[in-house]
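Student: Predicted model and sequence below, questions to follow.
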Amino acid sequence: MAILEIARLGNPVLRQQALPVDLDELTRPDSELQNLIDDMIETMHDADGAGLAAPQVSRSLQIVVYECEGNKRYPDRPSIPLTVLVNPRLTDLSEEKIMGWEGCLSLDDFRGRVARSRSLRLDGFDRQGLPIGINAEGFEAVVIQHETDHLIGKVFLDRMTDLTQLAYQKEFETYWMPDDAEA
Ligand code: NI
């Protein structure tokens, strides 16, 4: 396994539409894509991220990993087990929104307050190419929306409606975090 370089805002790969993964290629013995997934997980752990999408490691493919277990960047969030998503599709995004402060390993020193749907349905495949369906809500739904946005060339800044609620990490902790009692 290896820790991969994370593409930062300004790298055009973050703005591309990621390609669907060929499931035959994914499940072939000694598929390079399995190594990529292992490396994405290791890179996410190394950077204390709650999620990572393949375009963030300069691979324009529809692969996302996420996990939230005792995360230093998100200490107050509920635990989410390690999940690998291939070719995810979102439906049933709730009209009801929740506001939350998001960070991103590709914008590593920023936090921004973003409105996301409270709940959604996700259909896709796991790393073995088997179909999976997830009904997510709250923090997991937010993470899924953030990560799948990376697959369509979007970052959380694009979802912000009030840029006065964009902050550097340190200022976020000083001025905003005490008031942050949201989902
Ligand atoms: Ni991100």
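Tutor: Received, thanks.

Student: Geometric centre of this structure: which residue is closest?
Tutor: Nearest to the mean C-alpha position of the chain, counting by C-alpha atoms, centre = their mean, stands residue 147 at 2.7 Å.

Student: what sits against it?
Tutor: Contact analysis of residue 147 by C-beta atoms under 8 Å, 6 or more residues apart in numbering lists 51-53, 64, 66, 85. All C-beta atoms are positioned from the backbone trio N, CA, C, and that covers glycine.

Student: One more: residue 37?
Tutor: For residue 37, the contact set (C-beta under 8 Å, 6+ apart) comprises 63, 65, 84, 127.

Student: just so I have it, where are all the strands in the chain?
Tutor: Taking DSSP state E as the criterion, the chain contains strands spanning 51-53, 63-68, 80-91, 97-104, 107-117, 119-125, 131-137, 166-168.

Student: can you redo these as JSON lines with distance to residue 35?
Tutor: JSON lines is the format used below for the strands of the chain (distance: least, C-beta to C-beta, whole Å):
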{"stretch": "strand 51-53", "distance to residue 35": "15"}
{"stretch": "strand 63-68", "distance to residue 35": "12"}
{"stretch": "strand 80-91", "distance to residue 35": "13"}
{"stretch": "strand 97-104", "distance to residue 35": "24"}
{"stretch": "strand 107-117", "distance to residue 35": "24"}
{"stretch": "strand 119-125", "distance to residue 35": "18"}
{"stretch": "strand 131-137", "distance to residue 35": "21"}
{"stretch": "strand 166-168", "distance to residue 35": "35"}
